[in-house]
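**Student:** generate coordinates for the sequence data below:
(one chain, ligands or ions: 1)
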Amino acid sequence: MTNFYPFFSKNLVRYPYLYPAMGYSGNTTGINKDALVMYIDMNSFFASCEQQRHPELRGRPVGVITYDSPNACVIAPSIEAKKFGVKTGMRLGECKLLCPQIIPVTTHPAWYRQIHVDVMAILKSYCDDVIPKSIDEAVVNFTSYRWVYKDLTVIARQIKADIANKYDYLTCSIGIAPNSFLAKLGTELQKPDGLIQITPENIDMYLARLQLTDLPGIATRNEHRLKMIGIRTPLEMRHSSPALLRKAFGGIVGNYWHSRLNFGEVDLYSNENRTMSAMRTVSRQQRENRQALESMLISLCTRLEQRMVKQGVFCKEVSFFIKYKDNTGWDVKIKLADPVQDAMELRSYIQERIADFEKSRSIETVFSSKTQSMGVAIQNLVSDKVLQYSLFDNRLKKDVVRKVMYNIKDKYGKNLVRKGSELFEPDVMKDAIGFGSVKDMVVQDDGEVRNKYLLEE
Ligand SMILES: [Mg+2]
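**Tutor:** Now for the predicted structure:
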């Protein structure tokens, strides 16, 4: 919808959506021990889906691969294959050394998607607030149902039965807790077919069994940082002060970790209602030159693209505003049919609306020589994890490769392996850097300046 602020108006136009929402709106910031969140994680999902459809594979070690070759990576070992030590990301050849009888099966994404949709429908029959996290995981917020369902473990068993009723070979691990992080942790504690409820009464007992790296989101690097300041176990981590955790994680992330382990919610709606914006004031030279103003729009879109890539989100809404020296201005808010991450795509939607407006009002150009500032804001952000299941065909391989690479980096050090694009597409990166702002730049150890939004963790 286009809002027209006449060029002739004397009123100062305000752009509330340009002020970034701080923190995680939508999540409860305080501690809420009465909240009830359920996390569902399907066990060995792709492999079990194959065993569901092909009974002759049941009870046998299966390795799901994306293409048929001894060099292919097993992206999902069956429960039976895992018992032989087969792990996600291993090459088929390597798997055969551990488990000579492994049966390789190529993927059938449409079938997995079908099952995903059916499982989500089962969850929605119990609660409206279902958030898919990936093709085989979902979180369900039962907080407002806590008077409806007295015992959520009963509901969890019913959900398992409903799934088994439709797909008799599929099992899932379910975690229940006052926040989504601990609920997810619950699914990790018992596999396959687990059901664990973490409560203020039993949390310390569960944490006492775990190592730091057993916590989702704590890899070797974070483990190292925690140990450096004397936190050696998840239990010690839970009972550390927010200040100490801030020290370990270098800022607000430490507060999030304190919250996660003490029943605060920071993950459930982490990407909703959030805004990111980029804005620039125009110099005299720039305003004289329409092309400079148009490249500024590209630069703003690129900056937002970089942040979206870095944070793993897409946007479903984009706004643009331009302000003139006489305090008039023009803005537009565009709802996008499909979530977008690409800068040039964002820019083309904005350009389209600008062109429409110029035509309808017979205005020569929105990018006028009176321009004082302009900005782009994106809102309605969705996590790429949520998108994963709808873009499954194209993204599956890339996602798996990225995950495998991070695992290798964790194990052998991050400079040993690099993504192909880091080596082969330096021009693409340079282009983006050219448009980025100075704020987004970091000087690396080797003196090279790179845009931090293009670097990996
Ligand atoms: Mg799973």
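
**Student:** tell me, what residue is most central in this protein?
**Tutor:** Closest residue to the average C-alpha location of the chain: Ser383 at 3.9 Å, with Cα atoms, centre = their mean.

**Student:** give me the phi and psi for the residue of the stretch 201-350 of the chain found nearest the ion.
**Tutor:** Closest contact between the stretch 201-350 of the chain and the ion, by Cβ to the ion, is at Pro216 (12.1 Å). All C-beta spots, glycine's among them, are computed from the backbone N, C-alpha and C. In terms of degrees, to the nearest 10, the main-chain angles of Pro216 are phi -60, psi 130.

**Student:** near it, how many other residues are there?
**Tutor:** Neighbour count of Pro216, defined by other Cβ atoms under 10 Å: 13.

**Student:** which one is it nearest to, not counting chain neighbours?
**Tutor:** Lys184 (5.6 Å; Cβ to Cβ, 6 or more residues apart in numbering).

**Student:** contact partners for that neighbour?
**Tutor:** Lys184 makes contact with Tyr39, Asp41, Val139, Gly175, Pro216 under the criterion Cβ atoms under 8 Å, 6 or more residues apart in numbering.

**Student:** neighbours of the second one, how many?
**Tutor:** Looking back up the chat, that one is Asp41. Close neighbours of Asp41, defined as other Cβ under 10 Å, add up to 23.

**Student:** now it: how far from the ion?
**Tutor:** Separation of Asp41 from the ion (Cβ to the ion, to the nearest Å): 4 Å.

**Student:** also the third one?
**Tutor:** Applying Cβ to the ion, the value for Val139 to the ion is 13 Å.

**Student:** quick one, phi psi at that residue?
**Tutor:** phi -120, psi 140.

**Student:** how about Glu50: what's its closest non-neighbour residue?
**Tutor:** Val105 (4.9 Å).

**Student:** same thing with Phe321?
**Tutor:** Nearest non-adjacent residue to Phe321, counting by Cβ to Cβ, 6+ apart: Asp331, 3.8 Å away.

**Student:** for Ile102, see how far away the residue of the stretch 201-350 of the chain closest to the ion is.
**Tutor:** Using Cβ to Cβ, to the nearest Å, we find Pro216 at a distance of 27 Å from Ile102.

**Student:** just the element for Gly375, please.
**Tutor:** In this structure, Gly375 is located in strand 371-383 according to DSSP states H and E.

**Student:** tell me the contacts of Val130?
**Tutor:** Listed by Cβ under 8 Å, 6+ apart, the contact partners of Val130 are Met120, Leu123, Lys124, Ala138, Val139, Val140.

**Student:** same deal with Ala72?
**Tutor:** With contacts defined as Cβ under 8 Å, 6+ apart, Ala72 is in contact with Ile65, Thr66, Arg91, Leu92, Pro104.

**Student:** buried ones in the helix or strand encompassing the residue nearest to Phe321?
**Tutor:** Following DSSP H and E, one finds Asp331 within strand 329-340. By neighbour count with 16 or more other Cβ atoms under 10 Å, strand 329-340 contains the buried residues Gly329, Trp330, Asp331, Val332, Lys333, Ile334, Leu336, Pro339, Val340.

**Student:** again with stretch 195-202
**Tutor:** Quick answer for stretch 195-202 (16+ other Cβ under 10 Å): Leu195, Ile196, Gln197, Ile198.

**Student:** stretch 180-198 too?
**Tutor:** By neighbour count with 16+ other Cβ under 10 Å, stretch 180-198 contains the buried residues 180-189, 194-198.

**Student:** for those residues, work out which two are farthest apart.
**Tutor:** Farthest pair in the buried residues of stretch 180-198 (Cβ to Cβ) is Phe181 and Leu195. Separation: 17.7 Å.

**Student:** picking that back up, ok, what's across the strand from the residue nearest to the centre of the chain?
**Tutor:** In this entry, Ser383 is beta-bridged to Val313, by DSSP bridges.

**Student:** measure it to Thr275 for me?
**Tutor:** Taking Cβ to Cβ, one finds Ser383 at 15 Å from Thr275.

**Student:** need the buried residues of strand 329-340 in CSV with pLDDT and distance to Gln351, can you?
**Tutor:** Shown next, in CSV, are those (pLDDT from 0 to 100; distance: Cβ to Cβ, whole Å):
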residue, pLDDT, distance to Gln351
Gly329, 89, 18
Trp330, 91, 14
Asp331, 91, 15
Val332, 91, 11
Lys333, 91, 15
Ile334, 92, 11
Leu336, 86, 14
Pro339, 81, 19
Val340, 86, 14
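
**Student:** who are the contact partners of Ser180?
**Tutor:** Val37, Tyr39, Val139, Asn141, Glu265, Asp267, Leu268.

**Student:** could you dump those residues into a markdown table and include pLDDT, distance to Arg53 and secondary structure?
**Tutor:** Output for the contacts of Ser180, formatted as a markdown table (pLDDT from 0 to 100; distance: Cβ to Cβ, whole Å; DSSP: H, G, I helix; E, B strand; the rest coil):
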| residue | pLDDT | distance to Arg53 | secondary structure |
| --- | --- | --- | --- |
| Val37 | 96 | 32 | strand |
| Tyr39 | 97 | 26 | strand |
| Val139 | 94 | 27 | strand |
| Asn141 | 94 | 32 | strand |
| Glu265 | 86 | 38 | coil |
| Asp267 | 82 | 33 | coil |
| Leu268 | 80 | 33 | coil |
